[in-house]
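[1] need coordinates for the following:
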Amino acid sequence: MSKKSMAERRQARGPAAGGNGRGAARSSQYRRPKSSSRRPWGLFAAIGGVVAVFVVVILVADLSGQPTSQDTQVLPAPAQVVSAVTHIPTANLNTVGKGGVNFPPAAVPSPITLTSQGKPEVLYVGAEYCPYCALERWSLIGALSEFGKFSGLKIIRSSATDAAGPNIPTFTFAHGVSYSSPYIAFVPREIFSNVPDPKTTVGYAPFQTLTKQELALFTNPKLANGGFPFVDFGGVVAQIGSESADAGPHPEPGPPALSNLSWQQVVHDLSNLKSSQAQMILGGVNYDTAAICSITGNRPGSVCDRPLVRQLEAGL
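    Take a look at the predicted model:
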């Protein structure tokens, strides 16, 4: 893969999408909340009929994993799911390689030194409703787990109405989730929740806030330009939007491949290395791992000295 500048890759992707719709950049655009929303939100259709029919409908929706409205629950991640995403076999990662990634991280045009707690910082800016963030979190958790440990991981669902892929089973980096590593500091920000709020321009309630430095990076026209998910690896490499998406000359399934699945179904699909889910998520793990190695001085060697990681790192 030939090296491309961040500007070249941004130009290839096009402008970020507004609101929570699909866009060429596979990201959602940040907007400061206004007093009223320009986005009309329809009312959910009333469910009629006798009580028995109503109960059957609810049970079917629950068992199928397809919520009929926005699921705003924040639940502890099941141990099986946590184990599967934080302990991915190296052999599986090597087999998938670049996988379904068609928009990997790229070098920052004007690199800076981004640190926290005396360690290189990985800054994530996303939103809980965002479908592209939902996909990206699976890969980012897998990669970060190569360098440290998560505690208190929680599961959520992305927007139930987003055309880019509704009801994606994912994680959140808020709600008491923590991460520790001897090599890096992970600073996550979920700037919008998945709780509907028609008073904002994105249709979801504001959540966490950015510091002045984080906001400057996030709104930098040469970087994220207000689009998420945005991952800044130490001020040297950045990921803008999802790494795999349903756009480009060789389309990938993108978020719709995870729509309406359960977390257990995604975990099961990760073991099928030819599946769209494994190709996207594990390919993203490999690229994110390479990006992190580029800011840790290639430590630890057990991770960064893998031939595949070295190859991907050289192409960033």
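[2] ok, how many other residues are close to Pro198?
    Neighbourhood size, Pro198 [other CB atoms under 10 Å]: 12. For the C-beta atoms, the positions are set from N, CA and C on the backbone; glycine is no exception.
[3] who are the packing partners of the helix or strand hosting Pro188?
    Element membership for Pro188 (DSSP states H and E) is strand 185-190. Under the contact definition 3 or more CB pairs under 8 Å, 6 or more residues apart in numbering; DSSP states H and E, strand 185-190 sits against strand 115-116, strand 119-126.
[4] just those strands: most buried one?
    Of the helices and strands packed on strand 185-190, the one with the most neighbours on average (mean count of other CB atoms under 10 Å) is strand 119-126, at a mean of 23.
[5] how about the helices and strands packed on strand 185-190 in CSV, adding mean pLDDT?
    Output for those, formatted as CSV (pLDDT from 0 to 100):
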stretch, mean pLDDT
strand 115-116, 98
strand 119-126, 98
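[6] nearest to Tyr204, out of those strands?
    strand 119-126 (12.0 Å; CB to CB).
[7] CA atoms of that closest one as PDB?
    C-alpha atoms of strand 119-126 as PDB (Å, rounded to 0.1, in the frame of the first residue of the first chain):
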ATOM      1  CA  LYS A 119       2.500   8.300  28.300                       C
ATOM      2  CA  PRO A 120       1.500   8.600  24.600                       C
ATOM      3  CA  GLU A 121      -2.300   9.300  24.500                       C
ATOM      4  CA  VAL A 122      -4.900   7.600  22.300                       C
ATOM      5  CA  LEU A 123      -7.800  10.000  22.100                       C
ATOM      6  CA  TYR A 124     -11.200   8.700  21.000                       C
ATOM      7  CA  VAL A 125     -14.100  11.000  20.200                       C
ATOM      8  CA  GLY A 126     -17.400   9.400  19.300                       C
END
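[8] where in the stretch 201-316 of the chain is pLDDT low?
    245-252 (pLDDT under 70).
[9] contact partners for the nearest residue to Leu144 once chain neighbours are set aside?
    Using CB to CB, 6 or more residues apart in numbering and skipping residues adjacent in sequence, the residue nearest Leu144 is Phe186, 5.9 Å away. With contact set as CB atoms under 8 Å, 6 or more residues apart in numbering, Phe186 has these partners: Glu121, Val122, Tyr124, Leu144, Gly148, Tyr179.
[10] tell me what Phe186 is bridged to.
    Assessed by DSSP bridges, Phe186 has beta-bridge partners Val122.
[11] any idea how far Ser259 is from it?
    27 Å (CB to CB, to the nearest Å).
[12] which stretches of the stretch 151-300 of the chain form helices?
    Here the stretch 151-300 of the chain has its helices, by DSSP state H, counting those that start in this stretch, at 212-218, 263-270, 276-293.
[13] for the ones you listed, which one ends up most surrounded?
    Among the helices of the stretch 151-300 of the chain, highest average neighbours (mean count of other CB under 10 Å) belong to helix 276-293, with a mean of 26.
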